[in-house]
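what follows is a predicted structure for the sequence shown.
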Amino acid sequence: MTTHTTACPLDCPDHCSLSIEVEDGRVTEIEGNEVNPVTKGYICAKVRRLPDALYGPDRVLTPAIRSGPKGSGQFRAVSWDEALDTIAGTLVQIRDVHGGEAIYPISYGGSNGFLSQDTTDARLFWRLGASNIKRAVCSAPTGRAAVGLYGKMPGVSYEDYPNARLIVIWGANPAATGIHLMPYLQEAIAAGAKLVVIDPRRTKVAAKAHLHLAIHPGTDLPFALAIARWLFHNQGVDQQFLNEHATGVDAFRECAELWTLERAADACGIVPESIESFARLYRDTSPALIRCGWGLEGNRNGGSAVAAILALPALAGKFKIQSGGYTLSNSASWPMSTVLAAAAEPPNTRTINMNRLGDALTVYNDPPVHALFVYNCNPLATMPEQEKVRRGLEREDLFTVVFDSFLTDTALFADVVLPAATFLERHELSRGYGSLSLQRGMPVIDRVGQSRTNHEVFLELVRRTGLAKPGDPQTEAEIEGAILKSMPEAGEAIERGNGFAHPPFGARPVQFVDVFPRTSDRKVHLFPEELDQEAARGLYDYAPDPATTRFPLALISPATHRTITSTLGQLVRGHVALEMHPADAEPRRIRTNDLVRVWNASGEVMCRVTLSDSIRPGVVCLPKGLWSRHTQNGRTANALSPGTFTDLGDGACFNDARVDVAPAN
Ligand code: SF4
């Protein structure tokens, strides 16, 4: 038996360092090690079970071509040569007949490493003149707000949480996603810190909170603005900090002025005293920090809500002290570019927002999408408007390639399936976005089946489509070298650290001391003009709840401990239940474990129900990332999500789904 060290690049903030035990060429055990100090020697249960997926029945082992109807999952194994020639020939033919824009490559964070996205893949699709992708299914509104206010300034590290006196967990559930924050939270609480949790559900973290504010989904904006207004009116504003470090204070204050405690409480479905208690605690406690998550962004007000939340530490003067400020995404700690690795320029072709995949496949006509190339994602499980996406994938005239390690819901609709190497079978370079780390991952086993890396496959497709050019980076080492060239300190740091590095400003930055806003004037912009112009109603303008008498319940679909979005969904056994408050169930004559129908104008999900007072009345919950096998009718929460966009970033409004629920019979 041998033990190897590598890093987990999956789409999770923690970015664990891993110890992998290998026996007879097979992974037998995966554990966390302490190369990344944040990992603390343990990892999540889902990655500990990764060997079940690596060698399980859903693993794609060979290239294959469809042999049955679309969606049937019937394939015949073929050689790599046949699969690649089929793909290259078809893509070239589609480009020549319909134009490059008829090809749509869709990818997201399924791999989440630098080497496997926007490098050789971009070279292929850019040179083909394919449609560009806007990756907006997650973190688009938070990203726009963070860029607009702070230019994506890195945030407080996990290691600094124990010294905070007040921690606000807002729209995040670290006990399920980002588990390595939990010991630091426990340490802080044991040392006397106050914990405030803002979440419509009483999660494990909320159960530990001194103050749990179960506001209605989509009302974080009025809640945050009411806090801001209270601070302005109650000596809670650090005027000196604002004079030195902020712009847009008056415009922001004007927006906040509209939100009295009473008005905000009415919108949020809580009592005004709760908002005031939180505001007072926030004003009076230091160091205070806010962990802003991604749970609050997926609604019509998501971008403005995140902006208003991020404004609070500036208003209240919570920066310039260790353990004070905020944490959102720390990915900007490593601002590297993959453009040199791609060795190509993005074409001047149309851009299709991935949240519009359903329309792109069923409505777009200029030109229609004739080829869909799916990699690093599972869009049938993860995109909004699932029924439209499904109808699109069923099109007989759509040529679909799915390049994945596992036979996902989307892969069942493929014309050609290609087996992708997992991160345990290849090199990777990845960064954390909670942890501030950069790590190099190494292959710890030989390839399972005939799997290949993204670079190998796209390099070969570039060659077979006749698009290769002299000087193209050829090897993964050259790709990594080209990426590190865009940030030479990163290359030096990762060599020095033997595959692990902290950013140049250190592992525990103090905001406004070690790191500053990356805005043009290094100030926080509390009312960025560009965001105000982008938001259809104007920045910080609240759009009311979309519930109707026909569809009165708010459906939320939060991430859970069981999957990373839909990644490793095959390890979730059996069906998954809808969570519902007894007060909503009783008038509908629904009891625990009943089979229910959850529906709206977009679709219908049939599943069991669990009654629980951990969720606020008026809200029901079906987890994010389910596969079709997890419900009775093969549909998931995405079948109920609207096609509307968030106010900033054109993100998906998953949590604006409004539904009704009834017994299935
Ligand atoms: S998914 Fe997250 S917690 Fe699990 S091993 Fe990877 S980085 Fe660690």
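Nice, I can see it.

ok, which stretches of the stretch 101-250 of the chain are strands?
103-107, 132-134, 166-170, 194-198, 211-213, 246-247 (DSSP state E, counting those that start in this stretch).

quick check: phi and psi on residue 662?
Here the main-chain torsion angles of residue 662 (degrees, to the nearest 10) amount to phi -150, psi 160.

helix, strand, or coil at residue 276?
State at residue 276, reduced to three classes by DSSP: H, G, I helix; E, B strand; the rest coil: helix.

tell me the contacts of it?
Taking Cβ atoms under 8 Å, 6 or more residues apart in numbering as the criterion, residue 276 is in contact with 230, 261. Yep, even glycine has a C-beta here, placed from its N, CA and C like the rest.

likewise residue 388?
With Cβ under 8 Å, 6+ apart, residue 388 has these contacts: 357-359, 361-362, 643.

starting at the chain centroid, how far to the longest helix along the chain?
When the chain is parsed with DSSP state H, its longest helix is helix 80-98. On the basis of Cα atoms, centre = their mean, to the nearest Å, the separation between the geometric centre of helix 80-98 and that of its chain is 32 Å.

thinking residue 199 is in contact with residue 212, fair?
Yes. Counting by Cβ atoms under 8 Å, residue 199 does reach residue 212; the two are 7.3 Å apart.

is it true that residue 257 touches residue 229?
Yes. Counting by Cβ under 8 Å, residue 229 is a contact partner of residue 257 at 6.0 Å.

re the thing from before, PyMOL command for the buried members of the contacts of residue 388?
Here is the PyMOL command that selects the buried residues among these (16 or more other Cβ atoms under 10 Å):
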select buried, resi 357+358+359+361+362
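
can you pick out the most distant pair from the contacts of residue 388?
Taking Cβ to Cβ as the measure, the contacts of residue 388 reach their widest spread between 361 and 643, a distance of 13.1 Å.

for the residue positioned nearest the centre of the chain, which non-adjacent residue is spatially closest?
Central residue of the chain (Cα atoms, centre = their mean): residue 138, 4.3 Å from the mean position. In space, residue 138 comes closest to residue 294 once its chain neighbours are excluded; the distance is 6.4 Å by Cβ to Cβ, 6 or more residues apart in numbering.

tell me the phi and psi of the one you found?
phi -100, psi 0.

from residue 379, how far out is it?
Between residue 294 and residue 379 the computed distance is 19 Å (Cβ to Cβ, to the nearest Å).

circling back: could you say which of the strands of the stretch 101-250 of the chain is packed most deeply?
For the strands of the stretch 101-250 of the chain, the stretch with the most neighbours on average is strand 166-170, a mean of 26; neighbours defined as mean count of other Cβ atoms under 10 Å.

what comes into contact with that strand?
Counting by Cβ under 8 Å, 6+ apart, the neighbours of strand 166-170 from elsewhere in the structure are 161, 185, 188, 193-199, 205-206, 209, 220, 278, 281-282, 285-293, 296, 309.

then stretch 492-501?
5, 7, 17, 35-36, 429, 437-440, 442, 484, 490, 502-504.

just the buried residues from these, in ChimeraX please.
A single ChimeraX command is used to select the members of the contacts of stretch 492-501 judged buried by 16+ other Cβ under 10 Å:
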select :5,7,17,35,36,429,437,438,439,440,442,484,490,502,503
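
how many neighbours does the residue nearest to residue 510 when sequence neighbours are not counted have?
Using Cβ to Cβ, 6+ apart and skipping the chain neighbours, the partner closest in space to residue 510 is residue 322 (5.3 Å). Per other Cβ atoms under 10 Å, the neighbour tally for residue 322 reads 17.

residues of the stretch 451-600 of the chain that sit close to the ligand?
By Cβ under 6 Å from any ligand atom, the part of the stretch 451-600 of the chain that sits against the ligand consists of residue 564.

tell me the angle the longest helix of the chain makes with strand 103-107.
With axes from the mean of the first three to the mean of the last three Cα atoms, to 10 degrees as the basis, helix 80-98 and strand 103-107 are set at 130 degrees to each other.

from now on call the first residue 55
New numbering, starting at 55: the last item is helix 134-152.

what pLDDT does the model give residue 506?
With respect to pLDDT, residue 506 scores 98.

with the one 5 residues further on instead?
pLDDT for residue 511: 98.

circling back: what's the spacing between the residue nearest to the centre of the chain and residue 383?
11 Å.

residue 178 reaches residue 517, doesn't it?
No. Counting by Cβ under 8 Å, residue 517 is not a contact partner of residue 178; they are 9.8 Å apart.

between those two, which one's more packed in?
More crowded of residue 178 and residue 517, by other Cβ under 10 Å: residue 178, with 27 against 14.

got a list of what the more buried one touches?
By Cβ under 8 Å, 6+ apart, the contact list for residue 178 reads 512, 515-516, 519, 521.

burial of the closest residue to the ligand within the stretch 105-254 of the chain, as a residue count?
The nearest approach of the stretch 105-254 of the chain to the ligand comes at residue 233, 5.5 Å away (Cβ to the nearest ligand atom). Other residues within reach of residue 233, judged by other Cβ under 10 Å, total 20.

got phi/psi on the closest residue to it other than its chain neighbours?
For residue 233, the nearest residue in space outside its immediate sequence neighbours is residue 98; the separation is 5.7 Å by Cβ to Cβ, 6+ apart. The phi/psi pair for residue 98 (degrees, to the nearest 10) reads phi -80, psi 160.

now do the contacts for residue 98.
With contact set as Cβ under 8 Å, 6+ apart, residue 98 has these partners: 66, 233, 615.

filter those down to the ones in helices?
Using DSSP H, no member of the contacts of residue 98 falls within helices.

can I get the residues you listed in a markdown table including pLDDT?
Compiled in a markdown table, the contacts of residue 98 are given as follows (pLDDT from 0 to 100):
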| residue | pLDDT |
| --- | --- |
| 66 | 94 |
| 233 | 96 |
| 615 | 90 |
